[in-house]
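Undergrad: What shape does this take:
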Amino acid sequence: RPALVLTADSVTAERVAAELSSAFGQGQESDFLARRVHLLPAREAPALEMVSPPLEVEAARSAALYQLAAARCPVVVASPEALVSRTDAKTRLLEAVAYLVVGDELDRDAFADRLEAMGYRRRSTVEEAGDMAVRGGIIDLWAPGYALPVRLELLGDTLESLRSFDPSDQCSRVVMEELAVLPPRPFDYSLLATPEARRGLAQRADHLLLPSAEVGRLDACMVAGKAFGGVEMMLPYATIDADWAGHYLGEDAITVVVDREAVAEGIDATVSRIDRAEEAAREAGTFFPS
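TA: Prediction:
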């Protein structure tokens with residue numbers, strides 16, 4: 001059965017995920033689609049501040065959420081801090097995934113455009129999760145959930161091979177038959193440019209009595225529809241069906257609490273941290289979502 005394993009804090013979550021992976025005999029380099037144990041990391045950014053976490057953190061969150069939504073019996077480990085962050089709707093994440101199998105028909109340019117629309121960064125070489133590179137009949141990309149980037153080799157419009165490779169020396173590692181390409185960002189930033197999203201931001205800014213210059217700056221960021229510091233906090237304005245990780249679980253799922261007393265303290269600490277962040281944001285006159 002699917003299981004959500006709740007720990008007191010992020011450090012404990014990482015340790016428990018590593019111990020469970022070892023118990024299941026699954027290393028980080030094992031196949032993402034077959035691996036059962038996954039860590040849902042907390043965002044490494046101050047609460048309610050216009051600062052974004054590293055893209056690899058969002059990519060790891062995307063991978064864990066996909067496993068909760070689509071895998072038959074995943075085991076996802078998380079802390080209260082990781083669970084409290086809003087997520088995109090489960091259905092929208094699943095619709096965004098591109099599932100590739102060797103032998104598929106694949107238009108190189110159209111697929112590269114789709115990757116960029118999903119939030120992948122076009123680079124000359126792939127170095128981090130969320131990077132992509134295109135040259136000739138080859139597309140390199142580092143998809144969320146995978147320990148190494150993957151090289152797609154095309155013969156005309158046919159996907160001839162999939163191979164993971166080491167970004168340090170470009171040498172091939174493992175021949176693959178399938179690949180799930182997930183979005184590396186928390187939601188589709190183009191949704192920010194809609195009139196509904198901008199109106200929601202304006203109403204919230206008016207409620208917070210933000211200066212007009214700051215409102216104008218945020219609105220310009222929304223219109224651009226691209227990543228900016230703190231963009232994750234705009235999710236509830238980009239969509240009316242923002243969700244949380246618990247809703248990704250099926251009806252047959254179980255929740256495992258590791259040290260109930262410690263988890264209760266962890267929840268209290270998370271709530272207190274958010275309360276302090278809200279007070280600081282109000283005093284500073286900066287934006288934060290409700």
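Undergrad: in the stretch 101-250 of the chain, which spans are helices?
TA: Taking DSSP state H, counting those that start in this stretch as the test, the helices found in the stretch 101-250 of the chain are 108-118, 195-208, 212-224, 235-238.
Undergrad: Going along the chain, name the strands of the stretch 151-290 of the chain.
TA: For the stretch 151-290 of the chain, applying DSSP state E, counting those that start in this stretch gives strands covering 158-165, 172-176, 178-181, 254-257.
Undergrad: List the buried residues of stretch 26-41.
TA: Within stretch 26-41, the residues that count as buried by 16 or more other C-beta atoms under 10 Å are 26, 30, 32-33, 35-41. C-beta: built from backbone N, CA, C; applies to glycine.
Undergrad: for stretch 138-155, which positions count as buried?
TA: Per 16+ other C-beta under 10 Å, stretch 138-155 contains these buried residues: 139-152, 154.
Undergrad: Tell me which of those residues fall in strands.
TA: Judged by DSSP state E, the subset of the buried residues of stretch 138-155 located in strands is 139-141, 150-152, 154.
Undergrad: Could you find the closest non-adjacent residue to Gly285?
TA: If the residues on either side of it in the chain are set aside, Gly285 comes closest to Leu210, at 6.5 Å by C-beta to C-beta, 6 or more residues apart in numbering.
Undergrad: what's the spacing between the one you found and Ala245?
TA: 30 Å (C-beta to C-beta, to the nearest Å).
Undergrad: okay, these two: which has more neighbours?
TA: Ala245 (22 against 19; other C-beta atoms under 10 Å).
Undergrad: Contacts only, for Gly27.
TA: By C-beta atoms under 8 Å, 6 or more residues apart in numbering, the residues touching Gly27 are Ser21.
Undergrad: Over to Tyr146?
TA: Tyr146 touches 32, 129, 164, counting by C-beta under 8 Å, 6+ apart.
Undergrad: Next, work out how far apart the last one and Val150 are.
TA: In this structure, Ser164 and Val150 are separated by 5 Å, where distance is defined by C-beta to C-beta.
Undergrad: Contacts for stretch 7-20, please.
TA: The contact list for stretch 7-20 (C-beta under 8 Å, 6+ apart) reads 5, 37-42, 75, 77-82, 258-259, 262-263, 265-266, 269.
Undergrad: cool, and stretch 221-238?
TA: 43, 45, 48-53, 58, 85-88, 119, 185-194, 196-198, 200-201, 204, 242, 287-290.
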